[in-house]
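Novice: using only what follows, build the 3D model:
(one chain, ligands or ions: 1)
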Amino acid sequence: MRIFSGIQPTGAKHLGNYAGGFRQYATTQDQGEAFFCIVDLHSISVEYDPADLRERTLDLLAILIATGLDPERSTIFAQSHVTAHTEANWLLATVTSFGELRRMTQFKDKADAQQFVSAALFTYPVLQAGDILLYQTDIVPVGVDQRQHVELTRNVAERFNSRFGETFTLPRAVYPETGAKVMDLQEPEKKMSTTGGTEQGTVLMLDSPDVIRKKFKTAVTDSGREIVHASDKPGVSNLIEIMTVATGDSIDEVQARYAGEGYGTLKTDVAEAVVSLLQPFQDRFRELRSDPGELQRTLARGAEKAREASAPTIAAMFDRMGFVGRR
Ligand code: TYM
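Specialist: I've put the predicted structure just below:
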């Protein structure tokens, strides 16, 4: 089985990325041949700083390894190192409709937050479809915010297959049972995010223990007193889910443990669980990040493996679309 997922290097990584992304990558890498892509090309679709992109790319590689990916077992690479991704983007853009892209809710949300809305931000889901399809991917571990992008990928793949002949495996998104959409601690109707959420409501992977405690202490809760996971209790439900992510317990177990307790106790305990989860990760991250040369060598090895794995697909795409052979 082939596994593929991507994550943007820019923007500080947060608990939502851990719950929907990193945590799932580490568990799925054992289920087959896994590819994890640092999508630096996606990051430039909004305003960014080139020097920052370079640093954040190495940060993200260190985060991926520190959260449990093994570069010997999984292929971890930077998107810009494998030129098939930009080639696939153009070829697949011809079988993606303007109307489909216009319906992408992430585009609408992100475009609202930008002064300059680039064409790249609009066509971003085509690049993402190429990322996934180039590796004949069976499963894509992601958070639920990526559902629409993976559905678009399937539609694009089906259209290409029926127009040019069977070329792509149809991928399926997989979400974690809990924590598939971690919400902002201050505004629990919004997903946790460094672009759309609040600063105080976003717990960063590299926040210090004191900052983490403060963010949970000021977390917004709901009316009533009961600690239950329910649709009319978005704040408390979010805290319960974060607890399941940090401890591995189920929602039922957390609810049972806090029966009769107050919101204050839950907040303090979730904060401590997150501090304990992140502390060993942060130590390992700092150790790995202190050797940028080794990180760059790891990326170079990953790129070599990714080029090899994607080469047959990109060659088949050019061939079936009628291009004269390049060799
Ligand atoms: P990105 O970089 O925004 O997010 C990386 C991963 O983190 C998940 N995630 C969340 N999960 C739960 N709760 C949240 N609040 C939360 N916020 C983010 C995302 O679902 C994702 O799994 N377009 C993608 C990157 C991408 C990609 C791909 C993903 C490019 N090519 C191919 C999969 C396959 C993105 O911007 O993710």
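Novice: got the residue ranges for the helices in the protein?
Specialist: Under the criterion DSSP state H, the chain carries helices at the ranges 15-16, 23-28, 40-43, 50-66, 84-93, 98-102, 105-112, 119-133, 147-164, 209-217, 234-247, 251-257, 263-289, 292-320.
Novice: compare these and say which comes out lowest on pLDDT.
Specialist: Per-segment mean pLDDT for the helices of the chain reaches its minimum on helix 105-112, at a mean of 90.
Novice: what is that helix packed up against?
Specialist: helix 119-133, helix 147-164 (3 or more Cβ pairs under 8 Å, 6 or more residues apart in numbering; DSSP states H and E). Quick note: C-beta positions are derived from backbone N, CA and C, even for glycine.
Novice: got a list of contacts for the first one?
Specialist: For helix 119-133, the surrounding residues in contact (Cβ atoms under 8 Å, 6 or more residues apart in numbering) are 4, 6, 37, 39, 41-42, 44-46, 79, 84-86, 88-89, 91-93, 96, 101, 104, 106-107, 110-111, 114, 140, 149-150, 152-153, 156-157, 168-169, 171, 313.
Novice: buried only: go through those for me.
Specialist: For the contacts of helix 119-133, a burial check counting by 16 or more other Cβ atoms under 10 Å picks out 4, 6, 37, 39, 41-42, 44-46, 79, 84-85, 88-89, 91-92, 96, 101, 104, 107, 110, 140, 149-150, 152-153, 156-157, 168-169, 171, 313.
Novice: quick revisit: tell me, which of the contacts of helix 119-133 make contact with the ligand?
Specialist: Phe4, Gly6, Val39, His42, Val140, His149 (Cβ under 6 Å from any ligand atom).
Novice: just list whatever residues bridge to the first one.
Specialist: So that's Phe4. Beta bridges link Phe4 to Phe35 when assigned by DSSP bridges.
Novice: Gly6 and Thr202, how far apart?
Specialist: According to Cβ to Cβ, to the nearest Å, Gly6 stands 21 Å off from Thr202.
Novice: nearest residue to the closest residue to the ligand within the stretch 51-200 of the chain in space, please, no chain neighbours.
Specialist: Going by Cβ to the nearest ligand atom, the ligand is nearest to Gly143 of the stretch 51-200 of the chain, at 2.4 Å. Once flanking residues are discounted, Gly143 sits nearest to Gly20: 2.5 Å by Cβ to Cβ, 6 or more residues apart in numbering.
Novice: can you pull the contacts of the one you found?
Specialist: Val142, Gly143, Val144, Asp145, Tyr175, Pro176, Gly179, Ala180, Lys181, Val182.
Novice: same question, Phe216
Specialist: Neighbour list for Phe216: Leu185, Val203, Leu239, Lys267, Thr268, Val270, Ala271, Val274 [criterion: Cβ under 8 Å, 6+ apart].
Novice: max pairwise distance over these: which two?
Specialist: Greatest spacing in these, by Cβ to Cβ: Val203 and Thr268 (14.6 Å).
Novice: okay, the two: which has more neighbours?
Specialist: Neighbour count, other Cβ atoms under 10 Å: between Val203 and Thr268, Val203 has more, with 24 against 13.
Novice: what's the nearest residue to that one if we skip its chain neighbours?
Specialist: Nearest non-adjacent residue to Val203, counting by Cβ to Cβ, 6+ apart: Leu15, 4.4 Å away.
Novice: and this protein, split by domain according to the record?
Specialist: For the chain, automatic domain parsing gives the domain ranges 2-174+292-320, 209-286.
Novice: how about the residues of the chain by the ligand?
Specialist: Neighbours of the ligand within the chain, by Cβ under 6 Å from any ligand atom: 4-8, 16-17, 19-21, 39, 42, 128, 131-132, 140, 142-143, 145-146, 149, 180-182, 191-193.
Novice: that older thread, the residue of the stretch 51-200 of the chain closest to the ligand against Tyr18, yeah?
Specialist: No - in this structure, Gly143 is not within contact of Tyr18 by Cβ atoms under 8 Å, at 10.0 Å.
Novice: so between these two, which is more surrounded?
Specialist: Just comparing Gly143 and Tyr18: by other Cβ under 10 Å the higher neighbour count belongs to Tyr18, 25 against 21.
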